[in-house]
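Engineer: Quick one, structure for this:
(chains A and B)
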Amino acid sequence: MLSRFLAATAVLSLWALVAFVPAPPSKIKVYLVGDSTMSIKQVKAYPETGWGMPFAAFFDETVTVDNRAQNGRSTKTFLAENRWQPVARDLHEGDYVFIQFGHNDEVPTKASYTPEADFTANLKRFVSETRDRKAQPVLLTPVARRKFDVAGQIEETHAAYAELVRTVARETATPLIDLDRSSQALLQQFGVENSKLLFNHLAPGEHPNYPDGREDNTHFNELGARRVAELVLADIRMLKLGLADRLVQGTVKKTVDPQAR
Amino acid sequence: MTMKGFLLRGAVPLALLGSLAFAPPAPPRKTRIYLIGDSTMANKVRATFPETGWGMPLATFFDTTVVVDNRAQNGRSTRTFLAENRWQPVVDNLQPGDYVFIQFGHNDESQNYPDRYTSPEDYRRNLIKFVTETRSRKANPVLLTPVTRRYFDKDGRIKETHVLYSAATMAVAKEYKVTLVDMDKLSRELLQKLGDENSKLLFMELAPGDHPNYPLGRHDNTHFNELGARKMAQLAVNDLIAQHVALAEEHLAKPLPKNAVATPTGPNSQPTTP
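Structural biologist: As a prediction, the model looks like this:
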């Protein structure tokens, strides 16, 4: 008798929960497609860090960041290796696709070279196939390389291909994050010397993964990757993408006591 | 005996014996580095990223024969680490040849926090306990002075922030002939080189809105960000290499061939800044 009563109570309570609690927001995926500046690195490459790695920590539990970016890939090789098609196939309504290429498309001497017309066509394909699945494409211009002139002014390193991304965004009315410009501004703010602290710059012997040191002006270290991810986040908010409503709600207070916790 | 009974009592042990007899030899046991210490060393949860303890990147410095077991905990002094029974499980698990990196002081020295404060005499006694009990298991203790806080005087010189407790750590290391890494001194030298302004790039310095975990921003002169944590791990490892400690000499990570050269040339070369 008691057990029947308990069972009835349980069923009623469940019904009450279902009836009166608003449905939680649906879970979504944010796919990242792009190159080495965005990708997940193996431990052997540490401290090299793609900006997609810290980016994943920005969102609440309703968001899964699925970082498909790959070292060395252009739009052409990403497609040729069948890396895009599984993303398009698995997309659900409400998902996002962040698209950032250019570094490997724009270099004519690389096997990954993609002529301008093909680059444009490939970006348009990513956008339209994302929309076919009622998902949201976001285009990003390629993040800047660290290159200053003798006067200490940051130089444009993706002039042609960044402009192609902007044009595709305009023509297809796709949200644009102009990471080329915003990262140039960040590097300018840091200056010639300090901007090295954002890249994989290591003196010989600093890290056993790079025994002879490294002066990499393209790939970020942990700090650079996070700062770039923060630039992307700032634009997600500025563009008022729905994704901005799914950020972690940080509750940590403003300053800490000088004492260690 | 029923068939079921036979299966349970006879066949299973036989099968186990069979698999043991023909199993390939076990791989050599990995060397474990236990880290005991405070928040400057501890693993962090995602909700407090980008705060990073220097024990987190430490594993990337070693090859696959080494396991870093980071037991450091936010807010702990030598006294509370012991009182919460966090040390005994380390002792119980220690195997000959393992290492224990011991770094406390930040919370021991905090006289304003009676819940964690440890007098210099007790601090010393606790360090000696960690050292002797590590050695009783034929494992290797390494004492580290606490990493510095980021405080500069008005002339831009870094201040010493752990005078008493660093001295106590060094005294124990000397008396008991323990490998010592003077992280206090090494980290002060690094911060001095960077200066008051640039050294902020190693610490939790966030403007409001930079990171969703810290909507109001953060100014923290004690806890590291990703870069600061890696630089601290780097200081520790390089000092152990300089002291010819076997761990650092024999188990350092091996580079990938493509990363064994300083800077790529040819089609993969990158822009340079004059």
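
Engineer: can you count the residues close to residue 42?
Structural biologist: Let's take chain A. Residue A:42 has 11 neighbours, counted by other C-beta atoms under 10 Å in any protein chain shown. In short, each C-beta sits where N, CA and C put it, glycine included.

Engineer: looking at chain B here, not the other one
Structural biologist: 24.

Engineer: Secondary structure element holding it?
Structural biologist: Under the criterion DSSP states H and E, no helix or strand holds residue B:42.

Engineer: the strands in the chain, which residues?
Structural biologist: In the absence of a named chain, chain A is used. Secondary structure of chain A (DSSP state E): strands at A:28-34, A:63-67, A:96-100, A:136-140, A:176-177, A:199-202, A:214-220.

Engineer: To clarify, I was referring to chain B.
Structural biologist: Under DSSP E, chain B gives strands at B:31-37, B:66-70, B:99-103, B:140-144, B:179-181, B:203-206, B:218-224.

Engineer: which one of the ones you listed is the most hemmed in?
Structural biologist: The highest average neighbour count among the strands of chain B, using mean count of other C-beta atoms under 10 Å in any protein chain shown, belongs to strand B:99-103 at a mean of 25.

Engineer: any idea where the helices of the chain begin and end?
Structural biologist: All of this refers to chain A. A:2-20, A:52-55, A:75-80, A:85-90, A:116-132, A:159-172, A:179-194, A:222-238 (DSSP state H).

Engineer: Wait, chain B was what I had in mind.
Structural biologist: Ranges of helices within chain B are B:3-6, B:12-22, B:55-58, B:78-83, B:88-93, B:120-136, B:163-175, B:183-198, B:226-242, B:246-250, based on DSSP H.

Engineer: tell me the most buried of those helices?
Structural biologist: Neighbour counts (mean count of other C-beta under 10 Å) averaged over each of the helices of chain B peak at helix B:55-58, with a mean of 24.

Engineer: tell me which strands and helices that helix is in contact with?
Structural biologist: With contacts defined as 3 or more C-beta pairs under 8 Å, 6 or more residues apart in numbering or on different chains; DSSP states H and E, the packing partners of helix B:55-58 are strand B:31-37, strand B:66-70, helix B:226-242.

Engineer: at 10 Å instead, please
Structural biologist: Contacts defined by 3 or more C-beta pairs under 10 Å, 6 or more residues apart in numbering or on different chains; DSSP states H and E place helix B:55-58 against strand B:31-37, strand B:66-70, strand B:99-103, helix B:226-242.

Engineer: Give me the residue at the spatial middle of the chain.
Structural biologist: No chain specified, so I'll use chain A. In chain A, the residue lying closest to the centroid (C-alpha atoms, centre = their mean) is residue A:52, at 4.2 Å.

Engineer: Let me rephrase: I mean chain B.
Structural biologist: Centre-most residue of chain B, counting by C-alpha atoms, centre = their mean: residue B:55, 3.3 Å.

Engineer: Leaving out chain neighbours, which residue sits closest to it?
Structural biologist: The spatial neighbour of residue B:55 that comes closest, neighbours along the chain excluded (C-beta to C-beta, 6 or more residues apart in numbering or on different chains), is residue B:70 at 4.0 Å.

Engineer: phi, psi of the residue of the stretch 51-200 of chain B found nearest chain A?
Structural biologist: Residue nearest to chain A within the stretch 51-200 of chain B: residue B:106 (3.7 Å; C-beta to the nearest C-beta). For residue B:106, the backbone dihedrals (degrees, to the nearest 10) come out as phi -50, psi -40.

Engineer: Tell me which residues touch it, please.
Structural biologist: Counting by C-beta atoms under 10 Å, 6 or more residues apart in numbering or on different chains, residue B:106 touches A:259-261, B:37-41, B:75-77, B:116, B:146-147, B:149, B:161-162, B:165, B:222-223.

Engineer: measure residue A:62 to residue A:243 for me?
Structural biologist: 10 Å (C-beta to C-beta, to the nearest Å).

Engineer: more crowded one of these two?
Structural biologist: Taking other C-beta under 10 Å, residue A:62 and residue A:243 do not tie; residue A:243 has more neighbours (22 against 12).

Engineer: wait, doesn't the more buried one sit right on residue A:28?
Structural biologist: Yes. Counting by C-beta atoms under 10 Å, residue A:243 does reach residue A:28; the two are 8.0 Å apart.

Engineer: Mind listing the shared neighbours of these two?
Structural biologist: Shared contacts of residue A:243 and residue A:28, counting by C-beta under 10 Å, 6+ apart, come down to A:59, A:63, A:94, A:96, A:136.

Engineer: Mind checking which of those residues are buried?
Structural biologist: The neighbour-count criterion (16 or more other C-beta atoms under 10 Å in any protein chain shown) marks A:59, A:63, A:94, A:96, A:136 among these as buried.

Engineer: okay, those residues in TSV with distance to chain B and pLDDT next?
Structural biologist: Formatted as TSV, these follow (distance: C-beta to the nearest C-beta, whole Å; pLDDT from 0 to 100):
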residue	distance to chain B	pLDDT
A:59	8	97
A:63	11	98
A:94	20	97
A:96	16	98
A:136	20	98
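
Engineer: mind checking which of the helices of chain B is nearest residue A:157?
Structural biologist: Across these, residue A:157 has its closest neighbour in helix B:226-242 (23.2 Å, C-beta to C-beta).

Engineer: roughly how far is that closest one from the heart of the chain?
Structural biologist: Mean-position distance between helix B:226-242 and its chain equals 10 Å (C-alpha atoms, centre = their mean, to the nearest Å).

Engineer: could you check whether it is close to chain A?
Structural biologist: Yes. Helix B:226-242 lies within reach of chain A by C-beta under 10 Å from any C-beta of the partner chain, at B:226, B:227, B:228, B:229, B:230, B:231, B:233, B:234, B:235, B:237, B:238, B:241.

Engineer: Mind checking the strands of chain A for the one nearest to residue A:149?
Structural biologist: In terms of C-beta to C-beta, the element of the strands of chain A nearest to residue A:149 is strand A:214-220, at 13.7 Å.

Engineer: Now the stretch 101-250 of chain A against chain B: closest residue?
Structural biologist: residue A:222 (3.4 Å).
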